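# Requesting a structural model of the entry that follows:
(2 chains)
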Amino acid sequence: MLDIRGRWKGVLLPLAAILALSACGSKTGENESTGGAVADTSGDTVKVGLLNSLSGTMAISEVTVRDSIRLAVEEINAAGGVLGKKIEPISEDGASDWPTFAEKAEKLIREDKVAAVFGCWTSASRKAVKPVFEENKALLFYPVQYEGLEQSPYIFYTGATTNQQIVPGLDYLKSQGKTSVYLVGSDYVFPRTANKIIKAYAAANGMTVLGEDYAPLGSTEFGTIVNKVKASKASAVFNTLNGDSNVAFFKEYKSAGLTAATMPVVSVSIAEEEVKSIGTQYLDGQLTAWNYYQTTPGAANDKFVKAYKAKYGQDKPTSDPMEAAYVSVYLWKAMVEKAGKFDVAAVKSASDGVTFEAPEGLVTIDGATQHIYKTARIGKVGPDGLITEVWNSGQPVKPDPYLKGYPWATGLS
Amino acid sequence: MTVIVSQLFTGVSIGAVLLLIALGLSLTFGQMGVINMAHGEFIMAGAYTVYVLQKVITGAGWSLLVALPLAFAVAGAMGVLLEFLLIRRLYARPLDTLLVTWGVSLILQQLARDIFGAPNVQTRAPDALTGNIKITDDLVLSNNRLFILALALLAVVALTLVLRFSSLGRRIRAVVQNRDLAAVSGIPTGRVDRLTFLIGSGLAGVAGVALTLLGPIGPTMGTNVIIDAFLVVVAGGIGHLKGSVIVAFALGTLQSLVEYSTTVSVAKVGVFVAIVAFLQWRPQGLFTLRTRSLA
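Model prediction:
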């Protein structure tokens, strides 16, 4: 007989409990390996999951994404739904907390049996849910620009990867004769990866990186960083700061006497919504790199902006991530209709070449990378708080998440 | 050389911000011993006062000047209300005070979110304060930081004068030094507590007005600064204004000088290590208050 001594009891009993639990877990896992987490599409409706932070620090941005997904769902339902079924959105709150995202993703897939999930904003939340989607063979549509170097078979990336946003931003600076840059970013995965790419680009393109500084997320004291930027006499600043820090950075930037004319700042995380909260007084003339602006011309965008404002308020701007989220629902619909069924494997294999006339222009899914072709756009913040395009790539840029088509980028991934 | 001078200026101005946000706390926490976690939300209330006021008074300069006393009144009133409704029932229970005021701080943040919306709001700074004074091409003193420095010094002088020479100040000091003896001498300690809270919270409102010139105005702006404020008061020595002033400027300068040659994170670590080491050496802070109370 095994004699469980007192001092072992505390370790062995929980261990046994965990083993017993994981045994149950692997049992449900077996069911899935035969069919995956099957979406329940037997009724008149098809459920989709909306996974966004509705509370916490990220709520500011993610609520607008949730709103535009809802708008797309309503429009599709009004036009007859997908394969004759109305879409039933189920919204979950990720609460700006990455483990919560994973938990809610699991819930949407297993309990609600949704056909697809739309959402996530930060790279950290995407990384947290990635294994959940892969394990359950379920689909996630991720609508935000990100740092690239990722390609999950169960995620469709409808925001820009680096060669559709950061690289065009650098190309633009180069074409404007800016030969030196200073890098300012928040201290987490996106800015650090982005800056690695920027440094490789600079080395190959005769640009000098005069300095690189990271502020903790939420930091609001930029006196020293701006002093350093000013002393470097760089010809431009590349800004990957996120959230509240941008407000403090641009207030400091202006009061130190730096302007868009003397030292322009290219930002990749400031869209129309952020311009409003930073204050146009501080941003006038500064540059942004995105794929969509509220001012982007075209009938599809006019319709999107009008519908969004009618539903959520005339003072609400539309921005790039909102547009990418709106587009992702339509792309999913087109993929399902091409496949003729909701089955994940069938939808995935139908994805290549699916197009949609989006507010940003024609977008096409690249089946190999599960990213989409997007037009890169550089914009300038105007005194009215809207961003107007000063340059675009002319045609949609092929997504290249691992930057394989760029010789200078070898060794980055 | 200019780099050192401009970094010193940045350091002094960081110190001025620290001082402004910590000044009210040095009164409520330092003098009264109340750990008020909602102090940051009084700062937020001050900042939102500017935002609301600018809807009425459109001139950015005037609205800022009017906002200073108004924010003092708004935040002060909130402080008095908090003291009257909750804190005075918990004077002997510091841990409960901490939890209760933390709850109040969460409620106030949510309230701000419900009233003003979750996104940050913007205020207009007067043109005079967005500019700068150019000493040389490389050495530029920004007007908003000079303004905040002046405001912080003014607040310290005013508070010192009140505490040292007014009858209210004498009564506050008496209650701090020995509450029971003050009470038997006929000082209405309850009312003195409320007035102390009024001034302390009001100063938080003034700090909020200053912060609109530097950073974001949103529901969480208070939580961003509250830790720094407590650090300053603890390291300065509880119950000593002088300590808070010295520590605020010392930390600001240390932060900016270390940050210039390293990074923000290293500078933050440096400041924390310095404070921990300092408190090992002097657990009571820079200055100690000798009281006649038995506690």
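# which residues of the chain score low on pLDDT?
Since you didn't name a chain, this refers to chain A. For chain A, the stretches flagged by pLDDT under 70 are A:1-37, A:413.
# oops, I was thinking of chain B
Filtered on pLDDT under 70, chain B yields the residue ranges B:289-295.
# And the strands in it, which stretches?
Along chain B, counting by DSSP state E, strands occupy B:132-134, B:140-142.
# Residue A:150: which of these is closest?
strand B:140-142 (40.9 Å; C-beta to C-beta). For the C-beta atoms, the positions are set from N, CA and C on the backbone; glycine is no exception.
# how distant is that closest one from the center of its chain?
The chain centre lies 24 Å from the centre of strand B:140-142; the measure is C-alpha atoms, centre = their mean, to the nearest Å.
# Partner strands of it, with direction?
Looking at strand B:140-142 with DSSP bridges, its partner strands are strand B:132-134 (antiparallel).
# got the buried residues for the partner strand?
Buried residues in strand B:132-134, defined by neighbour count with 16 or more other C-beta atoms under 10 Å in any protein chain shown: residue B:132.
# And for it, what's in contact with it?
Here strand B:132-134 makes contact (C-beta atoms under 8 Å, 6 or more residues apart in numbering or on different chains) with A:255, A:256, A:257, B:140, B:141, B:142, B:143, B:146.
# how about the first one, what does it touch?
If you count contacts by C-beta under 8 Å, 6+ apart, residue A:255 has them with B:129, B:130, B:131, B:132, B:142, B:143, B:144, B:145.
# likewise the fifth one?
For residue B:141, the contacting residues are B:9, B:132, B:133, B:135, taking C-beta under 8 Å, 6+ apart as the criterion.
# Name the nearest residue to the last one, sequence neighbours excluded.
In this case it means residue B:135. With sequence-adjacent residues excluded and distances taken as C-beta to C-beta, 6 or more residues apart in numbering or on different chains, residue B:135 is closest to residue B:141, at 6.7 Å.
# ok, what's across the strand from that neighbour?
Residue B:141 has these beta-bridge partners by DSSP bridges: residue B:133.
# Quick one: end-to-end length of stretch A:392-409, please.
23 Å (C-alpha to C-alpha, to the nearest Å).
# So what's the gap between it and the chain middle?
Worked out by C-alpha atoms, centre = their mean, stretch A:392-409 lies 17 Å from the chain centre.
# for chain B, which helix is longest?
As assigned by DSSP state H, the longest helix anywhere in chain B is helix B:60-85.
# Next, the contact list for residue B:46, please.
Neighbour list for residue B:46: B:67, B:71, B:72, B:74, B:75, B:204, B:205, B:206, B:207, B:208, B:209, B:211 [criterion: C-beta under 8 Å, 6+ apart].
# give me that answer again for 6 Å
B:71, B:75, B:205, B:208, B:209 (C-beta atoms under 6 Å, 6 or more residues apart in numbering or on different chains).
# Apart from its chain neighbours, what residue comes closest to the residue nearest the centre of chain A?
Centroid-nearest residue in chain A, with C-alpha atoms, centre = their mean: residue A:144, separated by 1.5 Å. Counting by C-beta to C-beta, 6+ apart, residue A:144 lies nearest to residue A:159, which is 4.4 Å off, once chain neighbours are set aside.
# Three-state assignment for that neighbour, please.
Here residue A:159 is recorded as coil under DSSP: H, G, I helix; E, B strand; the rest coil.
# Wait, it touches residue A:325, no?
No. Residue A:159 lies out of contact with residue A:325 (C-beta atoms under 6 Å); the separation is 8.6 Å.
# Give me the common contacts of these two.
Shared contacts of residue A:159 and residue A:325, defined by C-beta under 6 Å, 6+ apart, comprise residue A:143.
# between those two, which one's more packed in?
Each of residue A:159 and residue A:325 has its neighbours counted (other C-beta atoms under 10 Å in any protein chain shown); residue A:325 has more, 31 against 26.
# Before we go further, the more buried one is sitting in a helix, right?
Yes. Checked against three-state DSSP, residue A:325 lies within a helix.
# Which residues are in contact with it?
By C-beta under 6 Å, 6+ apart, the residues touching residue A:325 are A:65, A:68, A:69, A:143.
# export these to a markdown table and tack on distance to chain B and secondary structure?
Shown next, in a markdown table, are the contacts of residue A:325 (distance: C-beta to the nearest C-beta, whole Å; DSSP: H, G, I helix; E, B strand; the rest coil):
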| residue | distance to chain B | secondary structure |
| --- | --- | --- |
| A:65 | 13 | helix |
| A:68 | 15 | helix |
| A:69 | 18 | helix |
| A:143 | 19 | coil |
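# Now the buried members of these.
Buried subset of the contacts of residue A:325 (neighbour count, 16+ other C-beta under 10 Å): A:65, A:68, A:69, A:143.
# Now do the contacts for the second one.
Going back to what we said before, that points to residue A:68. Applying C-beta under 6 Å, 6+ apart, the residues near residue A:68 are A:322, A:325, A:326.
# Can you tell me which of these is nearest chain B?
Ranked by distance to chain B (C-beta to the nearest C-beta), the contacts of residue A:68 are led by residue A:322 at 13.4 Å.
# re the thing from before, now, among the contacts of residue A:255, which is nearest to residue A:107?
Checking these against residue A:107 with C-beta to C-beta, the nearest one is residue B:144 at 47.7 Å.
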